[in-house]
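Visitor: Sequence and predicted structure are below.
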Amino acid sequence: MNRTHRRPDARTHAVRPVLLVPLLAALAAAPAPRLAAQTLRVPYQTFTLSNGLKVIVHEDHSVPIVTVNTWYHVGSSDERPGRTGFAHLFEHLMFMGSEHVPTGDFDKLLEAAGGDNNGSTTEDRTNYFEDGPANALALMLYLDSDRMGFLLPEITPPKVDLQRGVVQNERRQSYENQPYGLAQENILQRLYPADHPYHWPVIGSMADLNAASIEDVRRFDRQYYTPSNATMVIAGDVTLRQVRPMVERWFGGIARGPAVTRTPPPAVHLAADVYATLEDRVQLPRVYDTWHTVKAFAPDDAGLEMLGEVLADGKASRLYKRLVYELQIATQVAAFQDGGRIDGKFEIFATARPGHDLNEIARVIDQEVRTLADSGPTAREVERVRNSIEADFLGRMERVGSFGGKADQLNYYNYFVGTPDYFQRDLDRYRAVTPADIQRLARDYLLRAHRVVLSVVPAGHTELAATEGVSR
């Protein structure tokens with residue numbers, strides 16, 4: 001399921017699931033035993049062009065709309081130290097015109113046909129989609145094929161410099177001038193060694209963006225933006241018979257591209273707790289606890305997500321009740337599992353109320369984690385979380401396009417587990433989690449493991465930080 005807690009970023013990040021309104025209504029009305037017997041299916045057909053482009057077609061004739069959702073299997077984890085931020089920079093360049101579609105015409109042509117588009121970048125992939133009326137499919141494929149096959153001539157110094165400036169301004173707005181905006185970057189630097197693919201944020205650093213040469217950017221295009229490194233989902237009011245000749249016409253002549261190989265990095269472990277303090281232009285101090293966990297779809301991934309919701313999802317969660325409602329020492333608390341393609345992390349953060357320091361917050365967080373590890377959650381807590389996850393999952397299945405729609409989800413499952421229609425099996429992961437599982441996960445991944453503890457405090461007030469050695 002999609003981690004809706006992932007880092008915010010306007011044209012840069014991910015979501016997940018999607019199905020039919022009648023099915024959703026039927027599932028909501030059904031008693032629990034019958035609900036478990038339902039099988040979610042998102043039927044699809046697939047074909048692969050000779051140049052390696054894999055195409056997944058899902059027919060949904062309920063509404064005359066179509067979406068074209070393309071995933072390039074490249075993200076910030078494919079960058080290298082000193083040259084970070086390329087995946088995100090390239091996402092922006094893909095909207096700057098190609099050989100036969102001048103700058104600005106991509107949006108102009110698509111909007112004139114009643115469609116819209118967007119894109120996003122994560123550590124693991126970059127995606128682009130167009131949504132619109134079914135009769136705009138040929139236009140969507142033409143536009144996408146031109147920037148897949150004919151972008152290189154339009155990667156010019158003025159365009160790269162322009163988008164470099166746009167990305168740097170985005171970094172200023174979303175990271176450097178955003179309260180707590182540099183926290184995740186600081187956590188990643190301490191959670192992963194300098195050569196690990198998750199050591200840097202998706203947006204990259206100012207210095208690396210400045211250092212990017214025109215040849216660096218062109219090399220990135222030749223290496224990763226190729227048919228053999230992409231998967232395209234076409235979903236909506238279409239048929240395979242209609243789609244296949246159109247895809248072959250517009251994409252069949254594009255060169256395959258080099259093979260992309262990756263060497264998995266060694267497993268990462270913290271040998272001791274790591275404490276750090278970041279002074280920022282904030283009004284209230286905030287503490288972050290972050291642990292290494294498991295990658296997406298690993299055996300404990302779903303249980304860890306449920307652990308996060310037991311701890312801090314909604315007013316009925318344990319940390320909210322203790323920190324915000326009962327003790328009134330915090331204004332906000334969150335906890336979540338964030339599993340990626342290579343690795344995962346579990347994070348808890350809480351913001352203090354005026355007049356309270358982060359050691360107070362940290363002690364309560366540790367008490368609640370210890371209680372959960374010792375006694376486990378109640379069956380009612382687990383059922384609440386499971387129902388919430390299931391409702392969110394099914395609710396997303398009403399959409400075909402956009403972020404997290406069925407097309408995006410088919411691409412997600414295809415890339416991460418190799419099976420596009422993984423909807424039912426994904427949901428079953430959460431249904432199988434027991435109170436004993438959550439107790440074990442709290443004990444093994446949080447209580448008995450080392451973590452990064454980052455305090456973000458108002459400038460000049462380091463005395464408010466959580467300190468190592470203070471009893472927690």
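Guide: It's in.
Visitor: Would you mind giving the domain segments of the chain?
Guide: 21-251, 274-464 (automatic domain parsing).
Visitor: What segments of the stretch 151-300 of the chain are helices?
Guide: 157-171, 183-191, 206-211, 214-224, 240-251 (DSSP state H, counting those that start in this stretch).
Visitor: right, and those - which one's nearest residue 95?
Guide: Nearest of these to residue 95, taken as Cβ to Cβ: helix 157-171 at 8.7 Å. For the C-beta atoms, the positions are set from N, CA and C on the backbone; glycine is no exception.
Visitor: Average pLDDT for the closest one, rounded please.
Guide: Averaging pLDDT along helix 157-171 gives 94.
Visitor: and what of stretch 338-346?
Guide: pLDDT averaged over stretch 338-346 gives 97.
Visitor: Out of the helices of the stretch 151-300 of the chain, the one nearest residue 82 is which?
Guide: helix 206-211 (6.2 Å).
Visitor: buried ones in that closest one?
Guide: 208-209 (16 or more other Cβ atoms under 10 Å).
Visitor: could you pull out the strands for the stretch 201-350 of the chain?
Guide: For the stretch 201-350 of the chain, applying DSSP state E, counting those that start in this stretch gives strands covering 230-236, 274-280, 286-292, 330-339, 344-352.
Visitor: As TSV, these with distance to residue 151 would be great.
Guide: TSV is the format used below for those (distance: least, Cβ to Cβ, whole Å):
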stretch	distance to residue 151
strand 230-236	13
strand 274-280	38
strand 286-292	37
strand 330-339	31
strand 344-352	33
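Visitor: hey, which of those strands is tucked in deepest?
Guide: Between the strands of the stretch 201-350 of the chain, strand 230-236 has the highest mean count of neighbours, a mean of 27, where neighbours are mean count of other Cβ atoms under 10 Å.
Visitor: Unless I misread the structure, residue 58 falls within a helix.
Guide: No: using DSSP: H, G, I helix; E, B strand; the rest coil, the secondary structure at residue 58 is strand, not a helix.
Visitor: could you measure the spatially closest residue to it that is not a sequence neighbour against residue 407, distance?
Guide: Leaving aside its chain neighbours, residue 58 sits nearest to residue 235 (4.0 Å; criterion: Cβ to Cβ, 6 or more residues apart in numbering). Per Cβ to Cβ, to the nearest Å, residue 235 is found 4 Å from residue 407.
Visitor: Residue 313: which of the strands of the stretch 201-350 of the chain is closest?
Guide: Of all those, strand 330-339 comes closest under Cβ to Cβ, at 7.6 Å.
Visitor: between the closest one and strand 286-292, what angle do the directions make?
Guide: 20 degrees (axes from the mean of the first three to the mean of the last three Cα atoms, to 10 degrees).
Visitor: Tell me which other helices or strands strand 330-339 touches.
Guide: helix 301-312, strand 344-352 (3 or more Cβ pairs under 8 Å, 6 or more residues apart in numbering; DSSP states H and E).
Visitor: CA atoms of that strand as CSV?
Guide: Taking Å, rounded to 0.1, in the frame of the first residue of the first chain, the C-alpha atoms of strand 330-339 are listed here in CSV:
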residue,chain,number,x,y,z
ALA,A,330,3.1,18.0,22.3
THR,A,331,1.2,19.6,19.5
GLN,A,332,1.8,16.9,16.9
VAL,A,333,3.0,13.4,16.6
ALA,A,334,3.5,10.9,13.7
ALA,A,335,5.0,7.5,13.2
PHE,A,336,5.4,5.5,9.9
GLN,A,337,7.2,2.8,8.1
ASP,A,338,8.9,4.0,4.8
GLY,A,339,10.0,1.0,2.7
